[in-house]
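*Asks:* please work out how this folds:
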Amino acid sequence: MNIEWVKVYIAAFFEVFWVIGLKHAEGFWPWTGTVIAIIISFYLMIMAGRKLPVGTVYAVFVGMGTAGTVIADILLFGEPLQMAKLLLIGILLAGVVGLKLITDDYPEKGVES
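*Replies:* Numbers count the residues shown, from 1 in each chain. Okay, here's the model as predicted:
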């Protein structure tokens, strides 16, 4: 597995935390954690985007973050579990996996970072 894709996955993982933090953080320490999650998330996404196609990186980042946030809402905050939601998350993740599969991990040499 390409280390750049690992960065995208970790960035999406931290995206879930900062999105939750934007809604639920109250007080200094929760907001500090939210800001740290934002910094880590965007730093890793930007670093991956230097080596991988940025459009695909962003789509995978947002898709995985969105799915993770919806799942976290269901598991942690009592959001109602609906089959339609699960179906749509599955479609979203299928699109993310499809983009990842058709993306060349090593773009043509004419493009310098």
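
*Asks:* and the closest residue to residue 20 other than its chain neighbours, what helix or strand is that in?
*Replies:* Leaving aside its chain neighbours, residue 20 sits nearest to residue 72 (6.1 Å; criterion: C-beta to C-beta, 6 or more residues apart in numbering). Just so you know, the C-beta spots here come from the backbone N, C-alpha and C atoms, and that holds for glycine as well. Using DSSP states H and E, residue 72 maps to helix 54-77.

*Asks:* contacts for that helix next, please.
*Replies:* 8-9, 11-13, 15-16, 19-20, 45, 48-49, 79-81, 85, 89, 92-93, 95-96, 99-100, 103 (C-beta atoms under 8 Å, 6 or more residues apart in numbering).

*Asks:* that one: what's the following helix or strand?
*Replies:* Following helix 54-77 in sequence, per DSSP H and E, is helix 83-102.

*Asks:* returning to what we had before: count the neighbours of the residue nearest to residue 20 for me.
*Replies:* 15 (other C-beta atoms under 10 Å).

*Asks:* no further queries at this time; thank you.
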